[in-house]
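Colleague: Sequence and computational prediction follow.
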Amino acid sequence: MQGFIKRLNSAEYDRVEKLNKKIDREDINIFFILFNSIIQVEHMSIISTKELDIYFERSASKANGPLLYIGGTGGDLRNKPNQLDSPITKFFEVISYDQRGLGQTSKPPGQYSMQQYADDAANLLDELELENIPVVGVSFGGMVAQELIKRHPRKVSKLVLACTSAGGYGGSSYPLHELELLEEEERLERFIMINDLRISESWVLENEEQFNSLKINSRNRNPFKPDPENLLKQLLARKDHNTFEDLRHIDIPVFLMGGKYDGIAPVSNMEAMHEEIKDSKLKFYEGGHLFLIQDKNAFQELIEWLLL
């Protein structure tokens, strides 16, 4: 397990060490408790765009209109609960989709690029005849959302970027493609630990039973697993993501949300984005990469900001 935390700079490492605190069983369990109820999906379908068939779902219509939610690495809407079950659906008509190579969307041959992922989102909105709507991008979805506003600025009215990075001088997210080189057990352990830096090596030694419970829950959480080859395509596209120089040109309101203990999209990366985006708000929450479901205030404040 040595080495991965050293990817943080020394200041970031010191900050995590100072903030490090004991995690009790409730903190552990909340990793795997998403939302209290499953929301009825109003519509699910496959739309044929210029390049591929995109599987998407949308919740019931709401007075505040449509919102595009772009999910993270390896996402598959068949795994429940998911973003279509989040509290946002009580206020917006949430539209989300399986990204290329994943779930029930087409899996074209060849390598994928971040530009293609952004164009897929834009093409979906074109087919749905939607423009100038709020967009929420989480983790890898936040990278796609950055490319979307860069390439198709008229599509986005407000932007939420959660637990993500800009790349370049703004810092890149943890290179998840490197984990694919490890044996399954070590890959799983490292992934859990970089998700929440409070789960340190010393914590694991003192809480072996809880850590084993985490591993079991992580293995069983999503019955629909991505095909390894197509997942790697996504991870390789992700490693080259770099929109940092373009952030200064964003001229719409942006809410940057991060987890205090996120080892995938560290605090320093989110702070760098905040410095570049003129009309941006930045807030950190109790939790790691999954802070949206670890901190009860996160979704509430996200919704409040969208409704401003």
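Modeller: Nice, I can see it.
Colleague: Report the buried residues of stretch 167-180.
Modeller: Across stretch 167-180, burial judged by 16 or more other CB atoms under 10 Å covers 167, 170-174, 176-177, 179. Every C-beta, even on glycine, is put in place using the N, C-alpha and C of the backbone.
Colleague: what two of these have the greatest distance between them?
Modeller: Comparing every pair within the buried residues of stretch 167-180 by CB to CB identifies G170 and L179 as the most remote, at 22.0 Å.
Colleague: can you give me the strands for the protein?
Modeller: Counting by DSSP state E, the chain has these strands, from start to end: 41-48, 53-59, 66-70, 93-97, 133-138, 156-162, 254-259, 280-285.
Colleague: how about a markdown table for those, with mean pLDDT and mean neighbour count added?
Modeller: A markdown table is the format used below for the strands of the chain (pLDDT from 0 to 100; neighbours: other CB atoms under 10 Å):
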| stretch | mean pLDDT | mean neighbour count |
| --- | --- | --- |
| strand 41-48 | 85 | 13 |
| strand 53-59 | 97 | 21 |
| strand 66-70 | 98 | 24 |
| strand 93-97 | 97 | 24 |
| strand 133-138 | 98 | 24 |
| strand 156-162 | 98 | 23 |
| strand 254-259 | 98 | 25 |
| strand 280-285 | 98 | 18 |
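Colleague: Tabulate those strands (TSV), appending distance to L148.
Modeller: Putting these into TSV (distance: least, CB to CB, whole Å) gives the following:
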stretch	distance to L148
strand 41-48	17
strand 53-59	14
strand 66-70	8
strand 93-97	13
strand 133-138	7
strand 156-162	6
strand 254-259	13
strand 280-285	16
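Colleague: and D119, which of those strands is closest to it?
Modeller: Where the strands of the chain are weighed against each other on CB to CB, the nearest is strand 53-59, at 11.2 Å.
Colleague: how far out from the middle of the chain is that closest one?
Modeller: On the basis of CA atoms, centre = their mean, to the nearest Å, strand 53-59 is displaced by 18 Å from the centre of the chain it belongs to.
Colleague: relative to strand 66-70, how tilted is that strand?
Modeller: Between the direction of strand 53-59 and that of strand 66-70, the angle (axes from the mean of the first three to the mean of the last three CA atoms, to 10 degrees) works out to 130 degrees.
Colleague: Quick one: list the elements packing against strand 53-59.
Modeller: With contacts taken as 3 or more CB pairs under 8 Å, 6 or more residues apart in numbering; DSSP states H and E, strand 53-59 sits against strand 41-48, strand 93-97, helix 114-127.
Colleague: what's the angle between that strand and strand 93-97?
Modeller: For strand 53-59 against strand 93-97, the angle by the same axes, to 10 degrees is 160 degrees.
Colleague: which one of the helices and strands packed on strand 53-59 lies closest to L307?
Modeller: Put simply, out of the helices and strands packed on strand 53-59 the one that sits nearest L307 is strand 93-97, at 14.0 Å, with distance taken as CB to CB.
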